[in-house]
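> Need the 3D shape of this:
(one chain, ligands or ions: 1)
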Amino acid sequence: DFKDKKLLITAGPTREPLDPVRFITNYSSGKMGYALAEKAVQRGAKVTLISGPTNLTPPLGLSKYIAVDTAQEMFQAVMEHFTYADVIIKSAAVADFSPKDIEQNKIKKQDFNMRIELKKNPDILQELGKRKTKQILVGFAAETTEVLENAQNKLKRKNLDFIVMNNLTEEGAGFAVDSNIVKILHKDGRIEELSKMLKKDLANEILDRIYSYML
Ligand code: CTP
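Numbers count the residues shown, from 1 in each chain. Have a look, this model is predicted:
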């Protein structure tokens, strides 16, 4: 049902260097984004996958695979490719901040506490929300507090068609596990509560919702 549709999917964490041997990152495994890419290919889509560092093998049959490290690199890759896409799914866990200065040499141990100054990274999804023309835009939200309210704000602020919300406090949801428990919040105010399921099955559920927006 996705024959010849162009999907741009981002996955995994980003990695923000401090010095040649250290970086700041998060627990994202990339499993959700890779599952989406795999299922979309199986359903006939032309898929570009932009991925931060993961231990996963990119699914067979991608049109393009772009490996990035930092949020800034992901921003550039997404902005280069989104105009041709019919659908953009932003499942990556983008670091919101990165070290202000990247030291050329390894930072040596000191006898006092250390401070790292961080600068804000671009919000890729929010920028897409501003620039999008006809594209269907899908985001993810990872929340631990005021879960619904925060996700609803993201849906509006980032101008999305729908947002897939993980409550990270629920067992079997969120980062690194094979399953997920989500709610899908649509721009028309509908909220769907999905039961706990494998990320591969959730990928198909998400694609079904996207398909209904393409009709
Ligand atoms: N996102 C993005 N660029 C960023 C941060 C987030 O594109 N710099 C995208 C993610 O890919 C995800 C959505 O925005 O689809 C929500 O990410 P999340 O981390 O839940 O929210 P934030 O916007 O970072 O807000 P907060 O950290 O305050 O929860």
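
> what's the following helix or strand after the lengthiest strand in the chain?
Of all the segments of type strand in the chain, defined by DSSP state E, the longest one is strand 136-143. Downstream of strand 136-143, the first helix or strand assigned by DSSP states H and E is helix 147-157.

> What's the mean pLDDT across that following helix?
Mean pLDDT, helix 147-157: 96.

> same question, stretch 195-203
For stretch 195-203, the per-residue pLDDT averages 95.

> Could you tell me the end-to-end distance of that stretch?
End-to-end distance of stretch 195-203 (Cα to Cα, to the nearest Å): 13 Å.

> quick one on the thing from earlier: dump the C-alpha coordinates for the longest strand of the chain into CSV.
The C-alpha trace of strand 136-143 is given here as CSV (Å, rounded to 0.1, in the frame of the first residue of the first chain):
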residue,chain,number,x,y,z
ILE,A,136,2.8,14.1,6.5
LEU,A,137,4.8,14.8,9.7
VAL,A,138,5.0,12.3,12.5
GLY,A,139,6.9,12.8,15.8
PHE,A,140,7.6,10.9,18.9
ALA,A,141,7.4,12.1,22.5
ALA,A,142,9.3,10.5,25.4
GLU,A,143,7.8,11.7,28.7
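
> Now do that strand against helix 147-157, angle only.
150 degrees (axes from the mean of the first three to the mean of the last three Cα atoms, to 10 degrees).

> Mind giving me the packing neighbours of strand 136-143?
strand 87-90, helix 124-131, helix 147-157, strand 162-167, helix 199-214 (3 or more Cβ pairs under 8 Å, 6 or more residues apart in numbering; DSSP states H and E). C-betas here are computed from N, CA, C, even on glycine.

> quick one: that strand to helix 199-214, angle?
140 degrees.

> Just checking: what are the partner strands of strand 136-143?
Here strand 136-143 is paired, per DSSP bridges, with strand 87-90 (parallel), strand 162-167 (parallel).

> okay if I get those strands as a markdown table plus mean neighbour count, distance to the ligand and mean pLDDT?
Formatted as a markdown table, those follow (neighbours: other Cβ atoms under 10 Å; distance: least, Cβ to the nearest ligand atom, whole Å; pLDDT from 0 to 100):
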| stretch | mean neighbour count | distance to the ligand | mean pLDDT |
| --- | --- | --- | --- |
| strand 87-90 | 26 | 4 | 98 |
| strand 162-167 | 23 | 7 | 94 |
